[in-house]
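> predicted model and sequence follow; I will ask about them next.
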Amino acid sequence: MTQLPTDNGLWGGEPDSPLVAAVHLSVRDLVRRRFTESGLDWDAFVAGPIDDVITKDDLAAIDAAILASGHRYSFSATISAVERPDAYQGLGALEGGFDHPDAPSEPADADGKALCGVGDNVVQGAADVTGVARYVRSAAQVIALMEEGVPEGSIAIIDDSGGTLTAPILESFAGLVCAGGTVRSHLGILAREYGIPCLMNVRLSGVAEGDRVLLETTAAARTADSYLTDTEMPARIWKLS
């Protein structure tokens with residue numbers, strides 16, 4: 001069997017999921033076949049015909065095979081599911097909240113604080129942030145908030161591509177909570193630049209529109225090294241009674 005540089009274990013770790021493994025294997029098999037058929041050495045292959053012999057149709061065929069198995073992708077940006085509803089898990093209702101299956105949960109303490117989530121703090125602040133939960137999950141909601149104004153003290157809760165979706169109204173929020181990304185994602189960068197308290201990669205449950213929440217923005221900011229070593233640096237979220 002023709003060997004590829006990526007067959008060397010030094011070029012990557014174990015796939016994060018069966019889906020990632022399936023895609024990697026399919027792409028490597030495709031490259032291996034085209035490489036063998038070319039009769040070239042590797043350097044000549046990647047510097048020459050690779051863009052011509054591996055086409056958009058080849059990658060579409062891999063995608064089609066995955067979907068034919070019954071798998072449906074989960075989405076980060078809702079536009080993905082809107083444009084390809086056959087390929088993605090259902091959108092559900094975009095006007096309400098959402099719950100993460102791995103979100104931590106504890107009963108309310110003597111101060112009325114009930115743990116309901118954790119995330120990655122973008123910038124360590126001098127004080128924690130309290131505000132009212134406002135789910136922002138669609139372009140229509142952003143347009144409405146642009147027209148009507150963002151209520152003072154609102155904390156945006158986003159499960160979409162946060163920076164892109166909320167950019168027009170970002171500065172109006174008291175805090176940001178995003179279910180995806182890292183502290184170096186687009187939203188994290190914008191929040192840092194504008195000085196807006198922000199938690200990324202959040203696991204949240206049990207928070208409804210209009211609930212009062214407290215973000216532990218005094219927690220240490222998550223570092224790049226912590227992602228590489230898979231070391232958790234959780235900042236907590238509480239629902240207030």
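Cool, got the structure.

> quick one: the nearest residue to Leu40 once chain neighbours are set aside from Asp211, how far?
Among residues not flanking Leu40 along the chain, Gly48 sits closest, at 6.9 Å (CB to CB, 6 or more residues apart in numbering). For every residue, glycine as well, the C-beta is placed using N, CA and C. In this view, Gly48 and Asp211 are 59 Å apart by CB to CB, to the nearest Å.

> please say which of those two ends up with more neighbours.
Asp211 (18 against 12; other CB atoms under 10 Å).

> what residues does the more buried one make contact with?
Applying CB atoms under 8 Å, 6 or more residues apart in numbering, we find Asp211 in contact with 132-133, 239-240.

> pick the one among these closest to Pro107.
Of all these, Pro107 sits closest to Lys239, with 10.9 Å by CB to CB.

> and that closest one, that one's in a strand?
Yes - with DSSP: H, G, I helix; E, B strand; the rest coil as the criterion, Lys239 is located in a strand.

> does it touch Ser205 like I think?
No - assessed by CB atoms under 8 Å, Lys239 is found out of contact with Ser205, at 9.7 Å.

> so what sits against both of these two?
Cys116.

> rewinding a little: where's the residue nearest to Leu40 relative to Val142, distance?
Distance of Gly48 to Val142, computed by CB to CB: 46 Å.

> doesn't Asp51 make contact with Arg34?
No - between Arg34 and Asp51 there is no contact under CB under 8 Å: 10.9 Å.

> shaky segments in this protein?
For the chain, applying pLDDT under 70 flags the ranges 1, 6-13, 76-77, 91-97, 160-163.

> tell me how far the spatially most central residue of it lies from Ile157.
With distances taken as CA atoms, centre = their mean, Gly180 lies nearest the centre of the chain, 2.6 Å away. Counting by CB to CB, the separation of Gly180 from Ile157 is 12 Å.

> the longest helix in this protein is where?
The longest helix of the chain (DSSP state H) is helix 18-38.

> for that helix, which positions count as buried?
22-23, 26, 30-32, 34-35 (16 or more other CB atoms under 10 Å).

> given the longest strand that the chain contains, what are its sheet partners and their directions?
For the chain, the strand with the greatest residue count under DSSP state E is strand 113-121. Looking at strand 113-121 with DSSP bridges, its partner strands are strand 198-204 (antiparallel), strand 234-240 (antiparallel).

> looking at those strands, spot the one closest to Tyr227.
Within the strands paired with strand 113-121, the stretch nearest Tyr227 is strand 198-204; the backing value is 9.3 Å (CB to CB).

> which residues in the chain form helices?
For the chain, the helices defined by DSSP H occupy 18-38, 42-47, 50-53, 56-68, 78-83, 139-148, 162-166, 186-194, 224-228.

> I'd like these laid out as a markdown table, including distance to Phe173.
Converted to a markdown table, those look like this (distance: least, CB to CB, whole Å):
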| stretch | distance to Phe173 |
| --- | --- |
| helix 18-38 | 33 |
| helix 42-47 | 46 |
| helix 50-53 | 43 |
| helix 56-68 | 36 |
| helix 78-83 | 19 |
| helix 139-148 | 10 |
| helix 162-166 | 8 |
| helix 186-194 | 9 |
| helix 224-228 | 25 |
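
> packed most tightly, which of these would that be?
Of all those, helix 162-166 carries the top mean neighbour count, a mean of 22, counting by mean count of other CB atoms under 10 Å.

> how about the protein, which residue sits the furthest from its center?
Here the chain reaches farthest from its C-alpha mean at Gly39, the gap being 40.9 Å by CA atoms, centre = their mean.

> how far away is that residue from Arg184?
For Gly39, the distance to Arg184 - CB to CB - is 42 Å.

> for Phe98, same thing?
23 Å.
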